[in-house]
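1. Here's a sequence, model it:
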Amino acid sequence: MKKLSPWIILLACSGFIILHFYNLSHYLINFPTWGDDILFLAYFTDLPQLHGRDLWNRTVEFHSFIHRFPVARILTAFYAQCSDLFNFKELTILANLCLISVIYPIFQFLKRNRVNYGHLVALVGLLFAANGNLDNFALIGVLQHTTAIVFLIWLAYWISHEKTRQWGIWLSLAYPLFSTEGLAFFPLVFLLLLYLKDSKWWLYGLLAGLVIYLYFLGYEAPSTISSSGNSLTKILLAAKGAILFAGGAIKKNMLVASIMGILFSTNVLWVAWRYHQTQKPALLFSALIFVQLMAVGAMVALGRVGESGDLLVLFSERFSTYGTVYLVISYFTLIQADLYPIKWNRSWLLLPAMLWIGLSHYYAEAKLENLHNRLIADASNAYHFDLNTNYRFEKREQFLFKSAGTYQFPTGLLNTQLKETPNIQLKPMSAYEKGIREYYTDQNGILLVFQAKKPSYFLAINSLSHSVKIKEDVPYDERTSSFALIR
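-> Here you go, the predicted structure:
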């Protein structure tokens with residue numbers, strides 16, 4: 001295949017980025033995508049009253065007994081310096097800008113290794129593929145997961161080059177400030193220092209141990225999390241998590257993910273072995289990211305699957321960005337001549353990559369429409385009825401949205417002055433999520449539910465599953481309920 005013109009490459013890459021930000025602007029509204037997003041509104045609202053130790057405690061506090069993410073809260077504090085009102089959509093879009101920065105280290109590797117720049121089109125397209133970026137439509141997803149991944153890519157870039165290696169090694173101690181997954185990077189760097197026979201391995205190990213101690217200082221494990229299970233069981237669970245987490249980048253299906261995960265794991269071992277043989281920075285860069293992402297899968301399995309026993313947690317859309325990066329780095333390794341020293345024209349890899357990118361945007365469209373409808377229904381419920389049908393909404397949340405003075409509902413929310421639509425029924429479906437009831441309907445759009453002839457709440461219809469979800473504590477009576485359909 002002929003080399004692409006630099007202008008075509010620039011336009012194509014810019015097009016993928018612009019499309020990603022168009023989707024963010026088009027489908028998001030100023031309302032939290034998930035209940036976890038509300039913690040940033042709470043932090044923003046309380047900032048003027050926080051000083052000294054209180055400010056420190058709120059910035060580094062644990063969330064859901066799992067994570068500390070001070071960087072996400074610090075970014076929120078910076079945002080507070082520029083705005084008196086908190087806007088979920090605006091901050092989500094701004095945080096997504098950090099994803100653009102990882103193009104630089106990837107481009108530098110292509111340049112130094114004299115790889116056809118046309119591959120940058122595929123790499124950027126994969127990075128911003130819509131179906132793999134659904135977690136970036138949630139504020140907590142982009143502020144926690146995406147910023148952590150971006151920091152990982154930069155750490156791998158710095159560590160892979162001798163001139164900047166020391167910078168990367170010592171900066172890696174700050175990785176847990178982005179998310180708990182940063183703790184898993186410490187053993188990897190420690191082993192790398194031993195492999196490189198770096199005399200500072202003991203100092204790094206000492207400081208890493210200190211960071212881990214400080215990270216869990218004051219931590220109280222919830223009584224609901226079980227610590228049962230022998231060591232062998234936990235090792236096997238971690239291995240399953242690492243493999244399925246990687247394979248889930250291709251397909252969120254247990255069989256397919258298992259097969260692809262094993263193939264990916266084999267490729268990771270080969271990348272590490274080829275680095276040992278060649279000492280090429282691009283292979284070390286890839287190996288560091290690969291191993292860390294698989295370590296994240298192991299942590300998710302131990303932390304979440306160990307509690308619920310449900311391996312499908314690994315396929316949650318909140319982890320989609322990890323799968324996206326896994327695909328990007330997999331493509332990146334395949335175009336390196338040092339990985340598979342076989343003479344073949346790697347430019348043909350652009351074809352399956354572009355097909356994947358196209359399918360990703362195609363399959364994401366319905367999901368994004370569903371997200372948009374749900375956000376409108378959620379915001380309308382909060383505005384009219386002081387409740388939410390999907391996640392927690394209590395007095396604290398009501399105060400933050402309506403009385404704190406730091407949030408404004410978006411304009412054009414659904415109104416309750418609607419007439420009932422005849423012959424609409426909801427049929428119960430088997431339980432899938434704990435605490436959530438799901439009902440089948442053959443309609444599309446949003447439903448306004450009437451209880452005893454009075455409007456009660458809105459329900460967004462998922463156009464893929466033709467279902468609606470209702471929290472168990474939200475009243476729904478089949479005998480007295482009727483509906484108005486909003487298309």
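2. low-confidence ranges in this structure?
-> Across the chain, the ranges flagged by pLDDT under 70 are 1-2, 221-229, 306-309.
3. what's P455 sitting at in phi/psi?
-> Here is the backbone geometry of P455 (degrees, to the nearest 10): phi -60, psi 130.
4. gap between it and H384?
-> 8 Å (C-beta to C-beta, to the nearest Å). C-beta coordinates here come from the backbone N, C-alpha and C atoms, glycine included.
5. Name the residues contacting each of those two.
-> T416 (C-beta atoms under 8 Å, 6 or more residues apart in numbering).
6. Can you show me the CA trace of stretch 202-213 as CSV?
-> What follows is stretch 202-213, C-alpha atoms only, in CSV (Å, rounded to 0.1, in the frame of the first residue of the first chain):
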residue,chain,number,x,y,z
TRP,A,202,16.2,-0.9,47.2
LEU,A,203,15.3,2.8,47.5
TYR,A,204,12.4,2.5,45.1
GLY,A,205,11.1,-0.5,47.0
LEU,A,206,11.4,1.4,50.3
LEU,A,207,9.5,4.4,49.0
ALA,A,208,6.9,2.2,47.3
GLY,A,209,6.3,0.4,50.6
LEU,A,210,5.9,3.8,52.3
VAL,A,211,3.4,5.0,49.7
ILE,A,212,1.3,1.8,50.1
TYR,A,213,1.4,2.3,53.9
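7. Would you indicate which residues of it are buried?
-> 204-205, 208, 211 (16 or more other C-beta atoms under 10 Å).
8. quick one: which of the residues you listed sit in strands?
-> Among the buried residues of stretch 202-213, DSSP state E puts none in strands.
9. Can I get the residues you listed in TSV including distance to D37?
-> What follows is the buried residues of stretch 202-213, written out as TSV (distance: C-beta to C-beta, whole Å):
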residue	distance to D37
Y204	35
G205	37
A208	31
V211	28
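10. Tell me the one of those residues nearest W167?
-> Comparing the buried residues of stretch 202-213 against W167 with C-beta to C-beta places Y204 closest, at 13.2 Å.
11. Touching, the closest one and G168? I think so.
-> No - using C-beta atoms under 8 Å, Y204 is not in contact with G168, being 11.5 Å away.
12. Beyond the biggest helix by length in the chain, next helix or strand please.
-> Ranked by residue count and defined by DSSP state H, the top helix of the chain is helix 350-385. Counting by DSSP states H and E, the next helix or strand C-terminal to helix 350-385 is helix 395-402.
13. between that following helix and helix 350-385, how big is the angle?
-> Angle of helix 395-402 versus helix 350-385, following axes from the mean of the first three to the mean of the last three C-alpha atoms, to 10 degrees, is 100 degrees.
14. Just give me how far helix 395-402 sits from the chain centre.
-> Distance of helix 395-402 from the chain centroid (C-alpha atoms, centre = their mean, to the nearest Å) equals 26 Å.
15. buried set for it?
-> 397, 400-401.
16. Reformat these as CSV; add distance to Q451.
-> Putting the buried residues of helix 395-402 into CSV (distance: C-beta to C-beta, whole Å) gives the following:
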residue, distance to Q451
E397, 22
L400, 26
F401, 23
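17. Any buried residues in stretch 22-29, and which?
-> By neighbour count with 16+ other C-beta under 10 Å, stretch 22-29 contains the buried residues 23-24, 27-29.
18. likewise stretch 445-456?
-> Those buried within stretch 445-456 under the rule 16+ other C-beta under 10 Å are 446-450, 455-456.
19. Neighbours of I106, how many?
-> Using other C-beta atoms under 10 Å, I106 is surrounded by 21 other residues.
20. Over to R58?
-> Neighbours of R58 using other C-beta under 10 Å come to 18.
21. these two touch, right, it and D46?
-> Yes - using C-beta under 8 Å, R58 is in contact with D46, at 6.8 Å.
22. would you list every one of the strands in this structure?
-> 427-428, 436-440, 446-451, 454-460, 467-471, 481-486.
23. Of all those strands, which one is nearest Y79?
-> Among the strands of the chain, the nearest to Y79 by C-beta to C-beta is strand 454-460 (27.9 Å).
24. Okay, now the sheet partners of that closest one, with direction.
-> Partners of strand 454-460 in the sheet, by DSSP bridges, are strand 446-451 (antiparallel).
25. List the residues that contact T59.
-> Contacts of T59 (C-beta under 8 Å, 6+ apart): 43, 70, 73-74, 77.
26. Just the ones in helices from these, please.
-> Those of these mapping onto helices are 43, 70, 73-74, 77, per DSSP H.
27. Name the nearest of the residues you listed relative to L263.
-> P70 (37.0 Å).
28. surely that closest one meets V60?
-> Yes - in this structure P70 lies within contact range of V60 using C-beta under 8 Å: 5.0 Å.
29. Show me the common contact partners of these two, please.
-> By C-beta under 8 Å, 6+ apart, P70 and V60 have no common neighbours.
30. Next, find the distance separating the closest residue to T164 other than its chain neighbours from L207.
-> Excluding the flanking residues, the one nearest T164 by C-beta to C-beta, 6 or more residues apart in numbering is W158, at 4.2 Å. Using C-beta to C-beta, W158 is found at 17 Å from L207.
31. Restricted to helices, list the buried residues of stretch 202-213.
-> 204-205, 208, 211.
32. which one of those sits closest to K367?
-> V211 (37.7 Å).
33. Spit out the contact partners of the closest residue to the closest one other than its chain neighbours.
-> Distance criterion C-beta to C-beta, 6+ apart; nearest residue to V211, sequence neighbours excluded, is L173 at 5.5 Å. When contacts are counted by C-beta under 8 Å, 6+ apart, L173 is found next to 186, 204, 207-208, 211.
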